[in-house]
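Peer 1: Let me see the structure of the following:
(2 chains)
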Number of protein chains: 2
Amino acid sequence: MNPTDHIDQALWITEENGIHIRIIDQRFLPFERVVVDLNTSSDVIRAIRDMKVRGAPLIGVAAALGIYLACREEPGSDRHLDDVLKKIKGTRPTAVNLFYALDKQMNRVLKEKDPEIRTETALRVATELMEQEIGACQAIGTWGCALIEQISRERSGQPVRILTHCNAGWLATIKFGTALAPVYLAHEKGIPLHVWVDETRPRNQGARLTAWELDRAGIACSIITDNAGGHLMQNGKVDLVLTGSDRTARNGDSANKIGTYLKALAASDNRIPFYMAVPSSTIDWNMESGTAIPVEERTEDEVHYMNGMTRHGTIESIRITPEGSRASNYGFDITPARLITGLITEKGICQASEAGLKGMFPEKFMNHD
Amino acid sequence: MNPTDHIDQALWITEENGIHIRIIDQRFLPFERVVVDLNTSSDVIRAIRDMKVRGAPLIGVAAALGIYLACREEPGSDRHLDDVLKKIKGTRPTAVNLFYALDKQMNRVLKEKDPEIRTETALRVATELMEQEIGACQAIGTWGCALIEQISRERSGQPVRILTHCNAGWLATIKFGTALAPVYLAHEKGIPLHVWVDETRPRNQGARLTAWELDRAGIACSIITDNAGGHLMQNGKVDLVLTGSDRTARNGDSANKIGTYLKALAASDNRIPFYMAVPSSTIDWNMESGTAIPVEERTEDEVHYMNGMTRHGTIESIRITPEGSRASNYGFDITPARLITGLITEKGICQASEAGLKGMFPEKFMNHD
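Peer 2: Numbers count the residues shown, from 1 in each chain, chains lettered A, B, ... in the order given. Below you'll find the predicted structure:
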């Protein structure tokens, strides 16, 4: 499971001299590709909290691997396991994948009393989750690509202009991506594309990560400020808006990176299709609507400081706001279902509504009816 | 006309050993307050083009002073005057104030054939324009403050939470500001306020200039990323959106800093009043609607590079996007009149519509009826 060069992996497991969990520390991209090992559950907790790994599907898998490491480092200790579980749950509140993965992991792990079997089970469950996420992304790629192909036909082969916000590529999802999986597949099929990459302040996941992913795949793209998408849409320069989601409620309301709601409003105002790529691990089946989704508030320093490359080739952090000024920093916003044209899931594309999701995942609604 | 310390001036004229035009070079704020003289028409052209001065009313006045300097440096030369006029017109296309001021200036100046009288006239016209802008801002302050007072009463004295985009303070307008004039006045009257300051990528006029203006005036404010306003509005944390305009058409459509349209959409979606502060010098009486307003496209380097203060106290420019990546950089977008609750002009507040503007400025519509 070593990464290939073209579509890389954000996290992988190597088995040379024991099991090693390896990640790309995304804080240094695109300036440096730093690979680090997560050797302990504390490493995992820090990696998620400090956003060495980010993206809803990826932090779900990382969380499950954190439980595996907890089992491995103190075999048979329920207390340690519980402690690590609480700490991982406390890292980031919005993406439901984290809680989904932990629930799935704990359900299986707690059934095993033998320490060795428990540890083996934890690794197996985490690996299954990883494979599941990769498979879901691949399926989303196929469904979403059909959508892009249709637009390409409508445009008689002129480039399909896709606007995306934040990073929902392989860096966010182990492999392929959610929103970017259809883009990669369409590009492989030779469909002409141009991607508008929202910078995505304050952490610039678009400018740093999505642009980097697309550039290395040879997909035409332009970075734009988060302010620019409305103007592009008003002027007929966007054919499709495609984003990921961090948590989709039963009614289709979806939390995603702050600013997504503004793009959904602009898409709606200009009658441009707005789709979210949502693996089922990102759907919170217990949440009735988006209003209950907790929105993470992060340190204001993310607004005050910016990292980048100096002309001397060193990475430097600079302050971009007045000394002593204050900032607020909300990480996500909720896009109401009414603004979402459709959800691209691993099972197919459905309406962003309870009826739409029920048609796609009837088994998830059995207990609630 | 030297600036006072509290509400400063962005440009002023001193008369020690001749006439000197002095500006704050806004590119260095908030890190350094650099004052430079504009001694030649070329200085003015560069100052506008490189955004040492920016903001619609300010560049209008600077343009008029550029014509004065052209008269002074080659007295009686129609050719030089024409050359400078063309060059100033070519600096920045969106704000109509530039063209308004140049028209007004040229109409008066060309009537004077005597070189000395022409130069004196040019200075007088520019000074009148400056006084007119300052007066308009003061009046806008009074009308807009009444609006804030009303909201303050409705909120029983709880802080009025105002969201603003870009910088429409004294730095943009010689003195007082357009959108910020009501804020300054309300603060002076003791009305509790909290201003959400949109960072305003790519040139960060909000984070760099508006936050700096408000901080030094002691007005509570928080810098937010351009992505955050929608979330704040969805969650009842904004009472009023207040921005400037760079060009308002006869029907009320208004060009303002890129991203304004997105905030207007969010305000409309959440039924929050959205006002634009528009002196009559910013109204393009000859333009039927916003679709014809030219939108400036600027160098992509503004997206790739960011200026700020290193921990060593030096100002450094860093690259924040992948080496070799491409960017697009539109400077403005058009907010349709339907999304604007009202225009705050120096004559009063009116609907953003031809009827609204006609009621306020009947004389401007005489020729067209």
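
Peer 1: Which positions in the stretch 51-200 of chain A make contact with chain B?
Peer 2: Within reach of chain B by CB under 8 Å from any CB of the partner chain, the stretch 51-200 of chain A has these residues: A:196, A:199, A:200. Yep, even glycine has a C-beta here, placed from its N, CA and C like the rest.

Peer 1: from these, which single one is nearest residue B:61?
Peer 2: residue A:199 (32.7 Å; CB to CB).

Peer 1: Report the separation between that closest one and residue A:259.
Peer 2: Residue A:199 sits 10 Å away from residue A:259, going by CB to CB, to the nearest Å.

Peer 1: shared neighbours, these two?
Peer 2: Common neighbours of residue A:199 and residue A:259, using CB atoms under 8 Å, 6 or more residues apart in numbering or on different chains, are residue A:226.

Peer 1: re the thing from before, please narrow the residues of the stretch 51-200 of chain A next to chain B to those residing in helices.
Peer 2: If you go by DSSP state H, those have nothing in helices.

Peer 1: Can you turn the buried part of the residues you listed into a PyMOL selection?
Peer 2: Applying 16 or more other CB atoms under 10 Å in any protein chain shown to these leaves a buried subset, and the PyMOL line that selects it is:
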select buried, chain A and resi 196+199+200
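
Peer 1: Switch the residues of the stretch 51-200 of chain A next to chain B over to JSON lines, and while doing so, append pLDDT to every line.
Peer 2: Output for these, formatted as JSON lines (pLDDT from 0 to 100):
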{"residue": "A:196", "pLDDT": "98"}
{"residue": "A:199", "pLDDT": "98"}
{"residue": "A:200", "pLDDT": "98"}
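
Peer 1: Just send the residues of the stretch 51-200 of chain A next to chain B back as a markdown table, with distance to residue B:239 too.
Peer 2: Formatted as a markdown table, these follow (distance: CB to CB, whole Å):
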| residue | distance to residue B:239 |
| --- | --- |
| A:196 | 32 |
| A:199 | 28 |
| A:200 | 27 |
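
Peer 1: now, which of the residues of the stretch 51-200 of chain A next to chain B lie within strands?
Peer 2: Within these, residues falling in strands by DSSP state E are residue A:196.

Peer 1: Which single one of the residues of the stretch 51-200 of chain A next to chain B is nearest to residue A:25?
Peer 2: Closest to residue A:25, out of all of those and judged by CB to CB, is residue A:200, at 18.4 Å.

Peer 1: Quick check: closest non-adjacent residue to the closest one.
Peer 2: residue A:206 (3.8 Å; CB to CB, 6 or more residues apart in numbering or on different chains).

Peer 1: so when I look at residue A:101, I'm seeing a strand, right?
Peer 2: No: looking at residue A:101 with DSSP: H, G, I helix; E, B strand; the rest coil, it is helix, so not inside a strand.

Peer 1: Might you report the residue contacts of the residue of the stretch 51-200 of chain A found nearest chain B?
Peer 2: As assessed by CB to the nearest CB, chain B sits closest to residue A:199 within the stretch 51-200 of chain A, at 6.6 Å. Contacts here follow CB under 8 Å, 6+ apart; on that basis residue A:199 touches A:206, A:207, A:223, A:224, A:225, A:226, B:201, B:303.

Peer 1: The second one: how many residues sit nearby?
Peer 2: If I follow you right, that is residue A:207. 28 (other CB atoms under 10 Å in any protein chain shown).

Peer 1: measure the closest residue to it other than its chain neighbours to residue A:227 for me?
Peer 2: In this structure, residue A:207 finds its nearest non-sequential neighbour in residue A:199, 4.3 Å apart by CB to CB, 6+ apart. Computed as CB to CB, the residue A:199 to residue A:227 distance reads 9 Å.

Peer 1: Now do the shared contacts for these two.
Peer 2: residue B:201.

Peer 1: residue contacts, the residue of chain A most remote from its centre?
Peer 2: Relative to the centre of chain A, and counting by CA atoms, centre = their mean, the farthest-placed residue is residue A:114 at 34.4 Å. Residues near residue A:114 by CB under 8 Å, 6+ apart: none.

Peer 1: Kindly reformat the contacts of residue A:199 as TSV containing secondary structure and pLDDT.
Peer 2: TSV is the format used below for the contacts of residue A:199 (DSSP: H, G, I helix; E, B strand; the rest coil; pLDDT from 0 to 100):
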residue	secondary structure	pLDDT
A:206	helix	98
A:207	helix	98
A:223	strand	98
A:224	strand	98
A:225	coil	98
A:226	coil	98
B:201	coil	98
B:303	helix	98
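
Peer 1: for those, which one is nearest residue A:142?
Peer 2: Out of the contacts of residue A:199, the member with the shortest distance to residue A:142 (by CB to CB) is residue A:206, at 24.3 Å.

Peer 1: In this structure that closest one contacts residue A:169, no?
Peer 2: No: at 10.2 Å, residue A:206 and residue A:169 do not qualify as touching, with contact defined as CB atoms under 8 Å.
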